[in-house]
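In: Below: sequence and its predicted model.
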Amino acid sequence: MTKSILLMLTGSFFSFVFSQKTFSQTSSTAAPVETQKANSDYKPAFTGQTRIGSVKSTTAYEGKVLTEELKNPWGITSLPDGRLIITEKAGTMRIVTTDGKLGAPITGIPAVNADGQGGLLGIRVDPDFEKNRMVYWVFSQALANGNLTAVAKGKLSADEKKIEGATVIYRATPAFASTLHYGGRILFDKENNLIISTGERSDIITRPQAQQLNSSLGKVIRITKEGKPAAGNPFIGKAGAKPELYSYGHRNVQGLAFHPVTGDLWEVEFGPRGGDELNRIEPGKNYGWPTITYGIEYSGKKVGEAIQQKDGMQQPVYYWDPVVSPSGITFYSSDNIPEWKNNLFIGGLSSMHIVRLIIENNKVVGEERLLEDQHQRFRDITEGKDGALYAVTDQGRLYRIDKK
């Protein structure tokens with residue numbers, strides 16, 4: 001091979017690599033998945049903040065229904081042996097095998113207020129579950145002065161029939177006489193602290209508390225396994241601020257997930273009419289609700305001063321208008337479908353599909369809709385120990401989503 005040919009081939013190779021790298025970090029130029037008219041005439045703060053170009057998975061995949069016998073499932077996570085533990089809204093936990101066999105309802109769980117959007121909500125097992133068998137969950141609790149988002153823990157008995165020693169470790173105060181916007185997701189961080197999401201309880205009276213640091217409403221909260229403020233929280237020592245708060249200015253956060261590479265915390269939250277948000281959470285930051293929003297009131301009126309940007313308030317990485325009603329989320333770290341690696345998957349309720357987002361350099365560069373033909377309200381989604389995605393729907397289904 002001559003030197004000139006070698007140089008030509010080498011140059012072509014580097015050109016190919018460069019072009020591939022450039023393409024992978026460029027937003028899709030295909031038409032957006034959303035074709036409906038937006039509820040508002042608000043303009044995004046930057047290019048690609050909404051209605052990004054669509055993408056389509058090239059790998060053949062399927063969403064297989066494992067069971068339709070769940071009753072309003074809300075939260076799903078994996079046990080160390082690969083089985084799934086699922087919460088049902090009315091107050092039940094069940095263990096389900098990855099081929100769809102349902103265990104009996106687990107007893108010993110404190111009563112939940114399942115009215116409205118309340119019930120038995122998010123769930124996670126202790127990172128040391130194989131040693132201590134501890135389970136942690138979020139639920140809506142009725143108190144004498146109203147309802148609130150509560151966090152509890154207990155030990156799963158050896159026969160898997162009951163929770164032993166169930167204890168409430170945290171309550172998001174103040175309580176309020178509403179059955180809406182409890183938030184309700186729960187995660188463990190790398191320090192084995194708990195990350196909890198709350199809502200601002202929806203009412204026009206409580207809504208401003210999302211901006212108040214002396215309230216737990218409309219927040220992301222970080223606590224220890226005992227329910228105490230976690231070390232390093234951004235508001236520890238700040239007068240008038242709850243030390244358990246991690247971020248604020250949220251409406252109703254029903255999705256929390258850590259990026260498998262960067263370790264960053266991401267969340268999704270419901271907007272009103274329009275303005276569902278995807279945010280990358282940084283400690284101590286203000287995410288704007290209800291001062292800034294890309295949504296409008298359900299009545300069609302403007303929210304507050306109808307502004308979308310303000311100094312000191314974070315812009316969403318991405319927003320939807322019309323809404324997808326985003327609930328549970330998970331990042332994909334499996335090798336089963338390589339093109340999905342590090343993508344974010346979001347359960348859509350009113351939109352009745354699973355959102356797939358390609359995120360690069362903290363920006364959304366492509367969006368896909370999965371399982372639209374199923375017409376299900378996807379409430380939560382998790383990656384199983386086998387690398388497949390598992391999703392539950394309000395209608396009672398459990399799906400396994402993996403390559404064909």
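Out: Yep, it's here.

In: Give me the three-state assignment for residue 209.
Out: Assigned by DSSP: H, G, I helix; E, B strand; the rest coil, the conformation of residue 209 is helix.

In: What pLDDT is listed against the residue lying closest to residue 72 once chain neighbours are set aside?
Out: Leaving aside its chain neighbours, residue 72 sits nearest to residue 89 (3.8 Å; criterion: Cβ to Cβ, 6 or more residues apart in numbering). Bear in mind the C-beta positions are built from the backbone N, C-alpha and C, glycine included. pLDDT for residue 89: 98.

In: my guess is residue 89 contacts residue 122, does it?
Out: No - in this structure residue 89 lies outside contact range of residue 122 using Cβ atoms under 8 Å: 11.7 Å.

In: ok, these two, which is more surrounded?
Out: More crowded of residue 89 and residue 122, by other Cβ atoms under 10 Å: residue 122, with 28 against 22.

In: those helices in the protein, which residues are they?
Out: 3-24, 129-132 (DSSP state H).

In: From residue 351, how far off is the closest residue to residue 39 other than its chain neighbours?
Out: Counting by Cβ to Cβ, 6+ apart, residue 39 lies nearest to residue 274, which is 4.0 Å off, once chain neighbours are set aside. Noted for residue 274: a distance of 13 Å to residue 351, by Cβ to Cβ, to the nearest Å.

In: Pull up the overlap in contacts between these two.
Out: Jointly contacting residue 274 and residue 351 under the rule Cβ atoms under 8 Å, 6 or more residues apart in numbering are residue 323.

In: how about the strands of the stretch 301-404 of the chain, start to end?
Out: Assigned by DSSP state E, counting those that start in this stretch, the stretch 301-404 of the chain shows strands spanning 318-320, 326-331, 344-348, 354-360, 363-370, 378-383, 389-393, 398-403.

In: so what's residue 139 up against?
Out: Each residue near residue 139 by Cβ under 8 Å, 6+ apart is listed here: 91, 110, 112, 118-121, 149-150, 152, 184.

In: would you turn these into JSON lines with distance to residue 234 and neighbour count?
Out: JSON lines is the format used below for the contacts of residue 139 (distance: Cβ to Cβ, whole Å; neighbours: other Cβ atoms under 10 Å):
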{"residue": "91", "distance to residue 234": "34", "neighbour count": "17"}
{"residue": "110", "distance to residue 234": "31", "neighbour count": "16"}
{"residue": "112", "distance to residue 234": "31", "neighbour count": "24"}
{"residue": "118", "distance to residue 234": "29", "neighbour count": "23"}
{"residue": "119", "distance to residue 234": "30", "neighbour count": "24"}
{"residue": "120", "distance to residue 234": "30", "neighbour count": "28"}
{"residue": "121", "distance to residue 234": "25", "neighbour count": "27"}
{"residue": "149", "distance to residue 234": "20", "neighbour count": "29"}
{"residue": "150", "distance to residue 234": "23", "neighbour count": "27"}
{"residue": "152", "distance to residue 234": "25", "neighbour count": "22"}
{"residue": "184", "distance to residue 234": "22", "neighbour count": "32"}
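
In: do you know how far residue 331 is from residue 261?
Out: Distance from residue 331 to residue 261, counting by Cβ to Cβ: 9 Å.

In: Which residues are in contact with each of those two?
Out: residue 342.

In: more crowded one of the two?
Out: Between residue 331 and residue 261, counting by other Cβ under 10 Å, residue 331 is the more crowded of the two (22 against 10).

In: I'd assumed residue 343 was in contact with the more buried one.
Out: Yes - assessed by Cβ under 8 Å, residue 331 is found in contact with residue 343 at 7.2 Å.

In: Nearest to residue 133 among the contacts of residue 139?
Out: Nearest to residue 133, judged by Cβ to Cβ, of these is residue 152 at 14.9 Å.

In: Nearest residue to the closest one in space, ignoring adjacent ones along the chain?
Out: Leaving aside its chain neighbours, residue 152 sits nearest to residue 168 (4.9 Å; criterion: Cβ to Cβ, 6+ apart).

In: And residue 357, by the same measure?
Out: Distances taken as Cβ to Cβ, 6+ apart put residue 344 closest to residue 357, at 4.5 Å, once the chain neighbours are dropped.

In: and if you look at residue 376?
Out: The shortest distance from residue 376 to any non-neighbouring residue, by Cβ to Cβ, 6+ apart, is to residue 393 (3.9 Å).

In: Is residue 390 in contact with residue 384, as I believe?
Out: Yes - the criterion here is Cβ under 8 Å, and residue 390 meets it with residue 384 at 5.1 Å.

In: joint contacts of the two?
Out: Taking Cβ under 8 Å, 6+ apart as the criterion, residue 390 and residue 384 both touch 84, 98, 400.

In: okay, which residue is most central for this structure?
Out: residue 255 (1.4 Å; Cα atoms, centre = their mean).

In: before we move on, the earlier item: so what's the residue nearest to residue 152 up against?
Out: By Cβ under 8 Å, 6+ apart, the contact list for residue 168 reads 110, 141, 150-152.

In: what about it, distance to residue 283?
Out: 25 Å.

In: again with residue 110
Out: Going from residue 110 to residue 283 by Cβ to Cβ gives 30 Å.
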